[in-house]
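**Student:** here's my sequence, what's the structure:
(one chain, ligands or ions: 2)
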Amino acid sequence: MNLEAFILGCGGMMPLPHRHLTSVLLRREGDLFLFDAGEGTQVALRRLNLRWKKINAIFISHTHADHVTGLPGLLMLSSQVDRDEPLYIYGPPRIAEYVETSRRVLDMYINYEIIVKEIQAPAICYEGDGFRVRAFPLRHTKTCYGYAFEEDPRPGAFHPERAVERGVPRGPLWSRLQAGETVEGSGGSVVRPEDVMGAARTGRKFSFVTDSLYFPEIAPEVKGSDLFVCEGMFERELLPSAVEKKHMAAFQAATIARDAGEVKKLALIHYSPRYAEQELRVLLDEAKAVFPETVLSKDRMRFSIDYVD
Ligand SMILES: [Zn+2]
Ligand SMILES: [Zn+2]
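**Tutor:** Ligands and ions are numbered 1, 2, ... in the order given. Next comes the predicted model:
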């Protein structure tokens, strides 16, 4: 099952001619999940040229303009495709009021059901077939959540030679063992799944953190992420200003990735508009000094999130 993340925009505060505002689209087979929707997100989505049909759910970190002003346009765009299922929107308090007011004042044409759920406390907010999305608190100038998309653990690898050794020939019995059932081997011996399967393997994990002060408790939330997308708004020299505005410097995102454990890749995002493209290098260098597996996310970048085993 394919899992991939597309960077729709990597900018913070304001869109620039070649840098849309922070938004990430996660695609798991036919299902689409959007994290934040700043101004112009529908343009960014179209530029990706995905043959997309519908977004299942949208997760909003907080109600600052650079993370939500793209929402009305996106909701209208979604009326262009037929859909039977509702669109779910999750976010902090007042997200329902924002969506409702936009719909009312703008007389938006919407031909499908929108269900807005405000997150009152950190919890699993969305559950799908084999995965869930969990919201956890960040520390910003208003209520803000980070999100972790986590797949269920997978069964361990099946070892055919062990099955044969125990007198279970290739065939339907193998499927039953793989499905977790105990079967009978030759001579009536009992063969359990654990006799022929390795240890359970972890599912894949994607996490999304912006906007926030650095604090060490973010690390356990993103532990084991195959892809950790995190705000890296400023260089180290501007740390006092970052702290004052409750934002993070790039090296702090790297510190979280390093301390969390088992993070495969960090993608920085939500850059300050003060940095031109070629100046983002300083953010990357400072982050890589702490966590080498860091990349600068760029608009329209695609990350394939693969099973490690
Ligand atoms: Zn922001
Ligand atoms: Zn903000």
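**Student:** now do the phi/psi pair for the closest residue in space to L25 that isn't next to it in sequence.
**Tutor:** Excluding its sequence neighbours, the residue lying closest to L25 (C-beta to C-beta, 6 or more residues apart in numbering) is F6, at 4.5 Å. From N, CA and C alone the C-beta is placed, and that goes for glycine too. Main-chain torsions, F6, degrees, to the nearest 10: phi -120, psi 130.
**Student:** bridged to F6, which residues?
**Tutor:** L25, R302 (DSSP bridges).
**Student:** just list the residues touching it, thanks.
**Tutor:** Contact analysis of F6 by C-beta atoms under 8 Å, 6 or more residues apart in numbering lists V24, L25, L26, R27, L48, L50, R300, M301, R302, F303.
**Student:** nearest to ligand 2, of the residues you listed?
**Tutor:** For the contacts of F6, the closest approach to ligand 2 (C-beta to the ion) belongs to V24, at 15.6 Å.
**Student:** separation between that closest one and ligand 1?
**Tutor:** Look at V24 and ligand 1: by C-beta to the ion, to the nearest Å, they are 13 Å apart.
**Student:** now do N111
**Tutor:** From N111 to ligand 1 the distance is 31 Å (C-beta to the ion).
**Student:** what parts of the stretch 1-150 of the chain come near ligand 2?
**Tutor:** H64 (C-beta under 5 Å from the ion).
**Student:** same thing but at 6 Å, please
**Tutor:** Residues of the stretch 1-150 of the chain lying near ligand 2 by C-beta under 6 Å from the ion: H62, H64, H140.
**Student:** of those residues, closest to ligand 2?
**Tutor:** Using C-beta to the ion, those come closest to ligand 2 at H64, 3.5 Å.
**Student:** that closest one contacts K142, doesn't it?
**Tutor:** Yes: contact criterion C-beta atoms under 8 Å: H64 and K142 qualify, at 7.0 Å.
**Student:** need the overlap of contacts for these two.
**Tutor:** Contacts common to H64 and K142, judged by C-beta under 8 Å, 6+ apart, are absent.
**Student:** compare the two and say which is more crowded by neighbours.
**Tutor:** In this view H64 and K142 are compared by other C-beta atoms under 10 Å, and H64 has more residues nearby, 18 against 12.
**Student:** against K223, how distant is A276?
**Tutor:** As judged by C-beta to C-beta, to the nearest Å, A276 and K223 stand 34 Å apart.
**Student:** so those two - more neighbours on which side?
**Tutor:** Using other C-beta under 10 Å, the more surrounded residue of A276 and K223 is K223, with 16 against 11.
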